[in-house]
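Peer 1: I would like the atomic coordinates for the input below:
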Amino acid sequence: MNCLLCNKPFILKAHATLKIQKFCNTNCRYRFWCKKNRVREKEIRQKYRAKPEVIKQRREYNQKWYQSHLEHARKRNSKSAMRNRVRRTASSRKWRKTHPETFHQNRRMRDYRQKGALGTHTLEEWNQLKLKCNFTCKGCNRKEPEIKLTRDHIHPLFHNGTNYISNIQPLCLSCNARKNNKLNFEFSKN
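Peer 2: Numbering: from 1, shown residues only. Next up is the predicted model:
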């Protein structure tokens, strides 16, 4: 008799005399069932993989494998990056266009880290600070639809200031450029 899936000949087992055996082994039987029930099989697999203990187990296994196969993993990752280069750049460009504020925030934080600044602040903290200051420039008292508010470090990074939100004030671009990296700068009242 031949297997329905792999078409290999096999000998019937003794217990299979009552039921007609259609597959050479349980693996073929399972694969055949999966082909017939793709949606159900996918649901079962997703449900199993969503279990916290399975996630933890897979993560540990992947980390161990990666550590023991570093060279192979790096080669594989670089090949994958080269193969999908166009698709990745297109999706990254699309993300940048749909999330401009987050993109600029991430780039700004990277620049601050490279300058060696201590601390970070989030986009939400910056938006809360602007709201607290009523979207007004601390230098010239103009409001935001008229001007674009920028982050200014009260104690400049140049003078070992931090990048925490407590050291940030909202200023318009012209006031921020006028202040530059001065420590105790007084804005002239018009």
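
Peer 1: From here on, just use CA atoms for contacts and neighbour counts.
Peer 2: Noted.

Peer 1: In the protein, where is pLDDT below threshold?
Peer 2: Scanning the chain for pLDDT under 70 picks out 14-19, 188-190.

Peer 1: Show me where it has its strands.
Peer 2: Taking DSSP state E as the criterion, the chain carries its strands at 149-153, 168-172.

Peer 1: relative orientation of the first one and strand 168-172 in degrees?
Peer 2: So the one you mean is strand 149-153. If you take axes from the mean of the first three to the mean of the last three Cα atoms, to 10 degrees, strand 149-153 sits at 140 degrees to strand 168-172.

Peer 1: chain center to strand 149-153: distance?
Peer 2: Mean-position distance between strand 149-153 and its chain equals 26 Å (Cα atoms, centre = their mean, to the nearest Å).

Peer 1: Number of residues surrounding the closest residue to His155 other than its chain neighbours?
Peer 2: Among residues not flanking His155 along the chain, Gly161 sits closest, at 4.9 Å (Cα to Cα, 6 or more residues apart in numbering). For Gly161, the count of nearby residues is 17 (other Cα atoms under 10 Å).

Peer 1: quick one: which of the strands of the chain is nearest Asn77?
Peer 2: strand 149-153 (37.3 Å; Cα to Cα).

Peer 1: now the nearest residue to Glu41 once chain neighbours are set aside: how far from Ile20?
Peer 2: For Glu41, ignoring the flanking residues on the chain, the nearest one in space by Cα to Cα, 6+ apart is Cys34 at 5.9 Å. Counting by Cα to Cα, to the nearest Å, the gap from Cys34 to Ile20 is 20 Å.
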